[in-house]
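Enquirer: return atomic coordinates for the entry below.
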Amino acid sequence: MRFDFNSAIGLILALSGIVGGHILEGGHVDSLLQVTAFVIVAGGTVGAVMLQTPIRVFWGGIRMLEWIFIPPNYASESLIRQITVWSSAVRKEGLLILDAGVEEIKDPFVRKGMHLLVDGTPPEKMREMLEVDINAFEDFGRQSARVWEAAGGYAPTIGILGAVLGLIHVMENLSNPAKLGGGIAVAFVATIYGVGLANLVFLPIANKLKTLINQQVIWREMLIDGLVAIAQGENPRIIEEKLLGYVV
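Expert: Below you'll find the predicted structure:
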């Protein structure tokens, strides 16, 4: 596991730009901290997303949030080296040489591919079976990423709703000037929360997750090509050169 400092720096820079600009204009940080506005925007957004999303997909999107700062470790170069080692071993000793280490493989997709290879599954049948897994993984991953994309779509509208609620509170207390400030603050800050969360947090998270999912799909496709090439008895050097085409 490696920490993604790029995501952390980006988030800090985005928030610092907004808050810093507000301070430079003579504003105070306290004026941006409105619990009521946050409850309206956060609660309304989460509720709307849960309403449109199956529970399994919703929690899948929540669990994937960890990837923003600690992305899955799918190193193409390491996989190519491993496939080359497997290929060389099979060329010298046969497929059964790989059987001993299959159960020690942690990644279930890799383990399944190795089982199929060791069992002597025909190459095209192996590719067909593993591509079904890839399609299912990609479909679920993209649905989960759309949880954050949906949040980015709803948050600004909920922010506007919060602004309207704040203005209603203002209109109800026109005869009591002491309460006008709180209502106006909620009105404007709710809009800031809605638009800010959507464009600085939710939509960037959704796009980052889509990128990470695409990387994992490519990694799996590379694994399939490597295993199929081993099953077809191709030269380890040729397999390595072929797989290096995936590395950009």
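
Enquirer: lowest confidence element among the helices and strands of the protein?
Expert: Lowest mean confidence among the helices and strands of the chain (mean pLDDT, DSSP states H and E): helix 180-197, at a mean of 81.

Enquirer: what packs against the helix or strand that comes right after that helix?
Expert: Using DSSP states H and E, the helix or strand that follows helix 180-197 in sequence is helix 203-231. Taking 3 or more CB pairs under 8 Å, 6 or more residues apart in numbering; DSSP states H and E as contact, the helices and strands that helix 203-231 lies on are helix 76-93, helix 108-118, helix 123-172, helix 236-243. For the C-beta atoms, the positions are set from N, CA and C on the backbone; glycine is no exception.

Enquirer: returning to what we had before: restrict the least confident helix or strand of the chain to CA atoms and write it as CSV.
Expert: What follows is helix 180-197, C-alpha atoms only, in CSV (Å, rounded to 0.1, in the frame of the first residue of the first chain):
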residue,chain,number,x,y,z
LEU,A,180,-32.0,37.9,10.5
GLY,A,181,-28.2,37.3,10.5
GLY,A,182,-28.5,33.6,11.2
GLY,A,183,-31.0,33.0,8.4
ILE,A,184,-29.0,34.9,5.9
ALA,A,185,-25.8,33.1,6.9
VAL,A,186,-27.5,29.7,6.4
ALA,A,187,-28.8,30.8,3.0
PHE,A,188,-25.5,31.7,1.5
VAL,A,189,-23.3,29.1,3.3
ALA,A,190,-25.6,26.3,2.2
THR,A,191,-25.1,27.3,-1.4
ILE,A,192,-21.3,27.3,-0.8
TYR,A,193,-21.4,23.9,0.8
GLY,A,194,-23.5,22.4,-2.0
VAL,A,195,-21.4,23.8,-4.9
GLY,A,196,-18.1,23.4,-3.1
LEU,A,197,-18.6,19.8,-2.1
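
Enquirer: quick one on the thing from earlier: among the helices and strands packed on helix 203-231, which is nearest residue 61?
Expert: Residue 61 lies closest to helix 123-172 among the helices and strands packed on helix 203-231, at 3.0 Å (CB to CB).

Enquirer: for the closest one, packing partners?
Expert: Secondary-structure packing of helix 123-172 (3+ CB pairs under 8 Å, 6+ apart): helix 35-52, helix 55-63, helix 108-118, helix 180-197, helix 203-231.

Enquirer: where's that helix relative to the chain centroid, distance-wise?
Expert: Distance, stretch centre to chain centre, for helix 123-172: 11 Å (CA atoms, centre = their mean, to the nearest Å).

Enquirer: and it, what's its mean pLDDT?
Expert: Computed over helix 123-172, the mean pLDDT rounds to 93.

Enquirer: coming back round to it: and the helices and strands packed on helix 203-231 as JSON lines, adding mean neighbour count and distance to residue 21?
Expert: Formatted as JSON lines, the helices and strands packed on helix 203-231 follow (neighbours: other CB atoms under 10 Å; distance: least, CB to CB, whole Å):
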{"stretch": "helix 76-93", "mean neighbour count": "16", "distance to residue 21": "40"}
{"stretch": "helix 108-118", "mean neighbour count": "18", "distance to residue 21": "46"}
{"stretch": "helix 123-172", "mean neighbour count": "18", "distance to residue 21": "18"}
{"stretch": "helix 236-243", "mean neighbour count": "16", "distance to residue 21": "48"}
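
Enquirer: re earlier: lowest mean pLDDT across the helices and strands packed on helix 123-172, which one is that?
Expert: If the helices and strands packed on helix 123-172 are sorted by mean pLDDT, helix 180-197 sits at the bottom with a mean of 81.
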